[in-house]
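Asks: Okay, here's the prediction I keep looking at, along with the sequence it came from:
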Amino acid sequence: MEKKNNYPPENLVRLNKFLANNTNFARRKVDEFIEQARVTVNHKVILEQGLQINPEKDDIRLDGERIREKTKKLYIILNKPAGIITSTDDEKNRETVIDLIGMKEKLYPVGRLDYDTTGLLLITNDGDFANKLMHPKYKVTKTYVVKLSRPLEEKHREKLMTGIKLEGRRTAPCKITYPNKNDTETAVISIVEGRNRQVRKMFEHYGYFVRKLHRSGYGHLTLGNLAPGQWTKLSIEEANKFFK
Ligand code: URA
């Protein structure tokens, strides 16, 4: 088969590896199935375990049942620019974070950043992963750099860190520090919750207006040197670190 088609070599995979990756059977079991003539490639019985096949083009069957390539899980970090909405689509046809990625896959943002908020946004096609991370049980730390309309008073910093009553419910304890101790209009806040517009509302509670809000960290992830609008893929190992 390899000699007959002219697919680029990187699209080819060994038949037994393809079957083991896309069924619940281990490689040894799959090899037995091939020996027992239970596997066809393009409707021909194949007894060669190491035959190179193209998963996108070849018809692979086990006991007559088509085996398709499992959807590859995608985990993406985007540095969201201001003026983009965090949604999969928009009724007013405004640009979304999914448009920025420009992939054909069905992708979902993990949580949301406001229209004017910039910074780290995780995007994935793995719905279970997204739902798990957004569950309060996982307490993922989100870190934001906040530019305030006036210097933050120490009494307010302490109250915000302990927790305040917001819309009838207390906020969980959080951390607020200053990247530069001479500039108390710029603070770094780390929260473990993800309530709607939470950071803005927390500061507004004491009469501060949030001029700029930038998410610099999400769990163990940071933006590194991604420029606004740029994105990068995460490895599965990096994505799974959230659950370790
Ligand atoms: N908190 C907010 O108020 N806005 C965001 O975009 C994220 C957290």
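Replies: Sure, I can see it. Numbers count the residues shown, from 1 in each chain.
Asks: Other residues contacting the helix or strand containing residue 28?
Replies: Using DSSP states H and E, residue 28 sits in helix 27-35. Contacts of helix 27-35 with the rest of the structure, by C-beta atoms under 8 Å, 6 or more residues apart in numbering, involve 15-17, 19-20, 23, 25, 39, 46-49, 62-63. Backbone N, C-alpha and C define where each C-beta goes, glycine included.
Asks: Would you mind checking those for buried ones?
Replies: Burial by neighbour count, 16 or more other C-beta atoms under 10 Å: within the contacts of helix 27-35 this picks out 15-16, 19-20, 39, 46, 49, 62.
Asks: closest to residue 243 among those?
Replies: Among the buried ones among the contacts of helix 27-35, residue 20 lies closest to residue 243 (C-beta to C-beta), at 24.3 Å.
Asks: Which of the three states applies to the closest one?
Replies: Secondary structure, DSSP: H, G, I helix; E, B strand; the rest coil: residue 20 is helix.
Asks: mind checking the end-to-end distance for stretch 145-159?
Replies: The straight-line separation of the ends of stretch 145-159 (C-alpha to C-alpha, to the nearest Å) is 18 Å.
Asks: And the helices in this protein, which stretches?
Replies: Taking DSSP state H as the test, the helices found in the chain are 15-22, 27-35, 97-101, 127-134, 154-162, 198-205, 236-240.
Asks: The first one to helix 27-35, inter-axis angle?
Replies: Using axes from the mean of the first three to the mean of the last three C-alpha atoms, to 10 degrees, the interaxial angle of helix 15-22 with respect to helix 27-35 works out to 130 degrees.
Asks: The fifth one too?
Replies: Relative orientation of helix 154-162 and helix 27-35, computed by the same axes, to 10 degrees: 50 degrees.
Asks: and helix 154-162, average pLDDT?
Replies: Averaging pLDDT along helix 154-162 yields 98.
Asks: buried sites along it?
Replies: Under the neighbour-count criterion of 16+ other C-beta under 10 Å, helix 154-162 has 156-157, 160-161 buried.
Asks: okay if I get the contacts of helix 27-35 as CSV plus pLDDT?
Replies: What follows is the contacts of helix 27-35, written out as CSV (pLDDT from 0 to 100):
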residue, pLDDT
15, 96
16, 95
17, 93
19, 95
20, 93
23, 92
25, 94
39, 97
46, 96
47, 95
48, 93
49, 90
62, 97
63, 97
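Asks: Contact residues of the chain facing the ligand?
Replies: 113-114, 117, 197-200, 213 (C-beta under 6 Å from any ligand atom).
Asks: re earlier: what two of the buried ones among the contacts of helix 27-35 have the greatest distance between them?
Replies: 20 and 46 (15.1 Å).
Asks: Buried residues in the longest strand seen in the chain, which are they?
Replies: Using DSSP state E to define each element, the chain has its longest strand at strand 210-218. For strand 210-218, a neighbour-count test (16+ other C-beta under 10 Å) marks 210, 213-218 as buried.
Asks: now stretch 89-99
Replies: By neighbour count on 16+ other C-beta under 10 Å, the buried set for stretch 89-99 is 96-98.
Asks: So what touches that stretch?
Replies: Around stretch 89-99, the neighbours that count as contacts under C-beta under 8 Å, 6+ apart are 78, 80, 83-88, 107, 109, 121, 123.
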